[in-house]
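>>> the sequence and its predicted three-dimensional model are supplied below.
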Amino acid sequence: MRVLKFGGTSLANPERFSQAAQIIEKAHLADQAGAVLSAPAKITNYLVALSEKASLRQPIDTDFKAALDIFYNIIDGLYAENNNFDLQGTKSFIDGEFNQIKELLVDIHQLGYVSDEVKATIDSRGEKLSIAMMKAWFEARGYEVTLINPVEKLLAHGHYLESSVDIEESTKRIGSLAIPKKNVVLMAGFTAGNDKGELVLLGRNGSDYSAACLAACLGANVCEIWTDVDGVYTCDPRLVPDARLLPNLSYREAMELSYFGAKVIHPRTIGPLVQTNIPCLIKNTGNPDALGTVINSLQSSNLQVKGITNLDNLAMFNVSGPGMQGMVGMAARIFEALSKAGISVILITQSSSEYSISFCVPIKVAEKAKAVLEAEFSEELQSQALEPIDVIRDLSIVSVVGDGMAQAKGIAARFFSALSKANINIVAIAQGSSERSISAVVSQNQAIEAVKATHQALFNNKKIVDIFLVGVGGVGNALIEQIQTQKRYLENKDIEIRVCALANSHKMLLNENGLSLDNWQSDLENATQPSDFDVLLSFIKLHHVVNPVFVDCTSSERVSGLYARALSEGFHVVTPNKKANTREIAYYNLLRENARQNQRKFLYDTNVGAGLPVIENLQNLLAAGDELVRFNGILSGSLSFIFGKLEEGLNLSEATKFAREKGFTEPDPRDDLSGQDIARKLLILAREIGLPLELSDIDVEGVLPKGFSEGKSVEEFMSMLPTLDSEFSERVNKAKSEGKVLRYVGQIEEGKCKVAVVAVDSDDPLFKVKNGENALAFYTRYYQPIPLLLRGYGAGNEVTAAGIFADILRTLNN
Ligand code: ADP
Ligand code: ASP
Ligand code: MG
């Protein structure tokens with residue numbers, strides 16, 4: 001005998017239902033089959049809602065009809081497939097059941113109340129009707145069917161909505177049936193009977209448990225749970241797409257995984273199977289050829305950790321107080337009081353000082369638990385031997401489960417460090433006494449991130465970066481190209497870069513699993529979603545993205561104003577945009593504070609010297625205890641080029657025109673010649689070494705006299721520029737006669753910053769720097785009299801993008 005259980009999704013429509021029926025038939029032809037069925041998907045939820053709504057005197061017609069239509073749709077389809085199917089008989093049976101439900105709902109409406117007893121009889125109807133339809137399917141094919149009525153045959157103890165089956169007594173009752181070998185056996189799941197013969201339920205999702213009970217009672221060879229996934233995975237495959245399928249699990253592992261939230265089997269399923277040593281097989285109705293997962297008594301496979309789960313909707317209680325130390329029997333009193341009130345405790349931790357005991361219960365019983373404890377400890381609370389009972393709500397337990405963990409070292413460390421890297425606050429920790437599981441209590445809104453981050457740390461060497469890119473101009477474009485070219489190379493290093501968002505000022509594209517970049521330009525052009533930073537910034541919480549990086553390739557003040565929020569939302573921020581770091585110092589500090597608090601990185605190495613590793617080197621020097629004494633630098637590629645040309649004999653207007661034609665200047669060269677861009681870079685360096693300056697504190701000597709060509713167009717300016725040539729040539733020649741050259745230099749010395757045209761001699765490291773090169777000379781305590789010199793091209797889309805890329809990869813080293 002094989003027992004097969006089919007879940008709601010496996011029975012949701014005629015196609016699936018018929019697929020399930022064929023699987024039962026095949027099993028029956030090989031060896032007798034006993035099938036346990038759930039209600040078709042959604043039905044139980046409708047039935048639960050119907051009685052609740054009726055008790056609140058809310059309208060129920062829509063739900064009623066929707067539920068009924070699901071059944072009509074299935075039987076119509078089954079009839080269309082095989083005209084022997086007894087459509088009329090089955091339909092009248094369904095109608096009869098629904099009429100009974102309606103009568104009960106009318107009573108509930110009148111009373112404004114529904115008892116658990118009545119609720120149980122309503123909620124269980126879906127299973128009953130699944131069985132009626134399956135019976136008709138088999139009879140239409142000439143099979144004989146034995147129906148086992150679970151209310152008569154499965155004796156259960158407990159409450160109307162959640163009971164446990166007495167296997168010994170039920171085995172006797174079922175044994176007395178003497179089922180003929182040729183008959184297909186069918187039993188409704190979710191349902192049993194109490195010692196008064198009343199219908200009781202086995203708890204939501206309880207049909208798995210029904211199947212295990214039937215398997216145990218019949219002494220079946222196997223209990224097969226047919227569902228909508230290929231088996232048990234290391235994580236819920238709907239949450240973590242790269243979860244791994246587990247070929248086998250021990251009973252204990254399966255119990256622990258399901259207890260801590262793996263919904264694929266009900267936690268109580270394993271109990272009856274362990275007692276009778278019946279293996280459990282998890283299979284996919286939609287993919288019957290897949291091997292599935294075997295659960296049995298063997299210690300299994302090589303994985304030390306088998307899975308990671310989350311159990312939601314919990315509250316944590318903390319009972320503590322000065323009187324607790326040495327108070328004999330405290331724990332016993334707490335748990336006895338709760339148990340008497342029918343409240344099950346999910347997890348317990350005690351601090352080693354014995355000052356406090358913490359435990360979790362389902363949130364729906366939190367109020368009741370609080371009242372029970374307050375009554376039990378009223379004296380101690382009054383005398384202040386105990387502090388007021390503390391309840392934290394909306395928590396989840398995230399657990400790591402595996403038989404091999406007892407021997408393995410370092411799993412707890414990896415688990416907790418993964419949580420800490422993902423910036424998840426751990427409220428409490430518990431380890432199962434068997435060392436088969438470790439659990440962390442976290443805030444429910446972080447549970448999915450916690451599962452994902454832990455799964456990545458324990459099962460995946462791969463590191464994933466999710467990029468949210470704003471600004472797809474020259475630099476953004478070059479970055480996307482580099483990401484595409486480097487994909488393979490990085491994959492070999494176990495790094496996966498995904499671009500989850502692309503936005504320009506009008507539109508954006510979003511995809512939590514990564515966008516295809518093949519035709520990103522036209523995709524963005526045709527995008528229908530308007531650019532909306534609120535949507536973009538809330539996207540990561542909505543989709544539980546673990547390592548998101550906000551990359552700003554604009555030069556927009558507005559976008560730079562989003563970083564503080566982005567960091568708080570959990571993004572790393574990488575930016576070549578200098579605006580954020582040169583705004584008021586309060587914002588500058590806020591960014592660093594938010595990054596620190598949220599354990600995220602704020603990286604802006606391309607703010608100064610584009611691809612040159614300026615900021616990182618400076619930070620390293622400072623971290624190693626060095627001090628900046630003086631800084632001199634050529635910080636603008638365009639001015640490096642123009643001053644080089646002056647040295648070669650061109651005059652100012654010619655050199656500027658040449659640079660502009662080559663695309664080395666901003667569209668309006670005055671933006672370069674004003675020195676403002678250099679001032680920003682200087683300010684960023686100055687702030688990096690701890691000077692609390694504002695942009696207005698930088699002393700800037702522009703190349704142009706103050707007010708020159710004010711209000712004029714670019715072309716007018718260009719035509720006015722020759723009037724400055726002679727004066728400039730004079731300065732160039734004077735310098736030359738002294739063996740010097742003119743350079744446009746940013747300087748930091750004695751806490752002051754200055755941008756000025758300076759004549760430097762041949763000993764100066766800036767003497768030879770021209771043709772668009774940047775050079776940064778750091779005179780420090782360690783580096784003098786010869787400075788640390790960083791030199792190279794400090795502009796251009798490719799080098800800047802490469803610098804951004806390096807910063808993006810740096811987000812992985814935390
Ligand atoms: P059924 O209706 O067949 O009883 P359920 O929805 O109760 O199905 O259980 C199957 C679902 O369990 C899967 O669709 C999957 O999303 C979820 N699940 C949670 N954790 C796991 C896990 N570790 N392995 C497989 N599935 C899991
Ligand atoms: N139909 C019931 C429920 O949805 C039982 C089950 O599917 O296992 O909870
Ligand atoms: Mg289920």
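All right, it came through fine. Numbering: from 1, shown residues only. Ligands and ions are numbered 1, 2, ... in the order given.
>>> what sits against whichever residue of the stretch 701-814 of the chain sits closest to ligand 3?
Distances from the stretch 701-814 of the chain to ligand 3, computed as CB to the ion, single out Leu812 as the nearest residue at 37.5 Å. For the C-beta atoms, the positions are set from N, CA and C on the backbone; glycine is no exception. Under the criterion of CB atoms under 8 Å, 6 or more residues apart in numbering, the neighbours of Leu812 are 463, 465, 495, 547.
>>> likewise for Gly219?
Contacts here follow CB under 8 Å, 6+ apart; on that basis Gly219 touches 1, 276, 278.
>>> biggest separation within the contacts of Leu812, which pair?
By the measure CB to CB, these have their two most distant members at Ile495 and Asn547, which lie 10.6 Å apart.
>>> which one of the contacts of Gly219 sits in the busiest neighbourhood?
For the contacts of Gly219, the largest neighbour count, defined by other CB atoms under 10 Å, is 21 neighbours, found at Ile278.
>>> isn't there a strand covering Leu537?
No - the assignment for Leu537 is helix, going by DSSP: H, G, I helix; E, B strand; the rest coil, so no strand is present there.
>>> what's the neighbour count on it?
By other CB under 10 Å, the residues close to Leu537 number 20.
>>> quick check: closest non-adjacent residue to it.
The shortest distance from Leu537 to any residue that is not its chain neighbour, by CB to CB, 6 or more residues apart in numbering, is 5.2 Å, and that residue is Glu569.
>>> show me where the stretch 351-500 of the chain has its strands.
Secondary structure of the stretch 351-500 of the chain by DSSP state E, counting those that start in this stretch: the strands cover 356-362, 390-401, 426-431, 437-443, 463-470, 495-503.
>>> of those, which shows the lowest average pLDDT?
Among those, strand 426-431 carries the lowest mean pLDDT, at a mean of 89.
>>> and that one, which residues are buried?
Buried positions in strand 426-431, judged by neighbour count with 16 or more other CB atoms under 10 Å: 426-428, 430.
>>> same question, stretch 729-743
Buried residues in stretch 729-743 (16+ other CB under 10 Å): 732, 735, 740-743.
>>> figure out the helix or strand that Asn313 lives in.
strand 307-320 (DSSP states H and E).
>>> just checking, what packs against the very next helix or strand once past that strand?
Once the chain leaves strand 307-320, the next helix or strand it forms, by DSSP H and E, is helix 330-340. When contacts are defined as 3 or more CB pairs under 8 Å, 6 or more residues apart in numbering; DSSP states H and E, helix 330-340 sits against strand 347-350, strand 356-362, helix 366-376.
>>> give me the buried positions along helix 330-340.
Within helix 330-340, the residues that count as buried by 16+ other CB under 10 Å are 330-331, 333-334, 337-338.
>>> next one: stretch 369-384
By neighbour count, with 16+ other CB under 10 Å as the criterion, the buried positions of stretch 369-384 are 369-370, 372-373, 376-377, 380-381.
>>> just to revisit the earlier point, what's the strand holding Asn313 packed up against?
For strand 307-320, the contact count by 3+ CB pairs under 8 Å, 6+ apart identifies helix 251-259, strand 356-362, helix 366-376, strand 390-401, helix 447-459 as packing neighbours.
>>> what's in contact with the second one?
Under the contact criterion CB under 8 Å, 6+ apart, strand 356-362 has outside partners 313-321, 324, 330-331, 334-335, 338, 343-351, 369, 395, 397, 428, 441.
>>> poorly predicted segments of this structure, please.
By pLDDT under 70, the weakly predicted segments of the chain are 300-301, 351-354, 433, 814.
>>> what residues does it put near ligand 1?
7-10, 38, 205, 227-229, 232-233, 235-238, 262-264, 307 (CB under 6 Å from any ligand atom).
>>> now do 5 Å
Residues of the chain lying close to ligand 1 (CB under 5 Å from any ligand atom) are 7-9, 227-229, 232-233, 236, 238, 262-264.
>>> name only those of these that count as buried.
7-9, 227-229, 232-233, 236, 262, 264.
>>> out of Ile495 and Asn547, which sits in the more crowded spot?
Asn547 (23 against 17).
>>> of the buried residues of stretch 729-743, which belong to strands?
Among the buried residues of stretch 729-743, the subset assigned to strands under DSSP state E consists of 740-743.
>>> tell me the one of these nearest ligand 1?
Nearest to ligand 1 among these is Arg743, at 64.6 Å by CB to the nearest ligand atom.
>>> ok, what's across the strand from the closest one?
Per DSSP bridges, the residues bridged to Arg743 are Val758.
>>> contact partners for it?
Under the criterion of CB under 8 Å, 6+ apart, the neighbours of Arg743 are 634, 643, 757-760, 766-767, 769.
>>> dump the residues you listed into JSON lines; add distance to Arg244 and neighbour count as well.
Putting the contacts of Arg743 into JSON lines (distance: CB to CB, whole Å; neighbours: other CB atoms under 10 Å) gives the following:
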{"residue": "Ile634", "distance to Arg244": "54", "neighbour count": "28"}
{"residue": "Phe643", "distance to Arg244": "60", "neighbour count": "25"}
{"residue": "Val757", "distance to Arg244": "64", "neighbour count": "18"}
{"residue": "Val758", "distance to Arg244": "63", "neighbour count": "19"}
{"residue": "Ala759", "distance to Arg244": "67", "neighbour count": "17"}
{"residue": "Val760", "distance to Arg244": "62", "neighbour count": "19"}
{"residue": "Leu766", "distance to Arg244": "57", "neighbour count": "24"}
{"residue": "Phe767", "distance to Arg244": "61", "neighbour count": "16"}
{"residue": "Val769", "distance to Arg244": "55", "neighbour count": "25"}
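>>> nearest residue to Val345 in space, please, no chain neighbours.
Taking CB to CB, 6+ apart as the measure, Val345 lies nearest to Phe359, with 4.9 Å between them; neighbours along the chain are not counted.
>>> the helices and strands packed on strand 307-320: which one's closest to ligand 3?
Of all those, helix 251-259 sits nearest to ligand 3, with 9.8 Å by CB to the ion.
>>> ok, then the element right after the closest one?
As assigned by DSSP H and E, the chain's next helix or strand after helix 251-259 is helix 270-276.
>>> what's the neighbour count on the residue nearest to Val345?
Here the count is done by other CB under 10 Å, and Phe359 has 24 residues near it.
>>> of the ones in strands among the buried residues of stretch 729-743, closest to ligand 2?
Within these, the smallest distance to ligand 2 is 76.8 Å, found for Arg743 (CB to the nearest ligand atom).
>>> so Pro59 sits right up against Ala49, yeah?
No - counting by CB atoms under 8 Å, Pro59 sits too far from Ala49 to count as a contact (11.3 Å).
>>> nearest to ligand 3 within the protein, name that residue for me.
Asn205 (4.3 Å).
>>> is Glu716 in a helix, a strand, or coil?
Look at Glu716: counting by three-state DSSP, its state is helix.
>>> wouldn't it be in contact with Ser709 here?
Yes - in terms of CB under 8 Å, Glu716 counts as a neighbour of Ser709; the distance is 6.7 Å.
>>> more crowded one of those two?
For Glu716 versus Ser709, the count of surrounding residues by other CB under 10 Å is larger for Ser709: 18 against 11.
>>> just the contacts of Leu812 that are near ligand 2?
The residues of the contacts of Leu812 that also fall near ligand 2, by CB under 5 Å from any ligand atom, amount to none at all.
>>> quickly list what's touching both of Ile495 and Asn547.
Counting by CB under 8 Å, 6+ apart, the residues touching both Ile495 and Asn547 are 463-465, 812.
>>> filter these down to the buried ones, PyMOL style.
Once 16+ other CB under 10 Å is used to decide burial, the buried members of these can be selected in PyMOL as follows:
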select buried, resi 463+464+465
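>>> three-state assignment of the closest residue to Tyr744 other than its chain neighbours?
The shortest distance from Tyr744 to any residue other than its chain neighbours is 4.3 Å, reached at Leu639 (CB to CB, 6+ apart). Using three-state DSSP as the criterion, the local structure at Leu639 reads helix.
>>> surely Leu639 touches Ser674?
No - proximity of Leu639 to Ser674 does not meet the contact threshold set by CB under 8 Å, at 10.5 Å.
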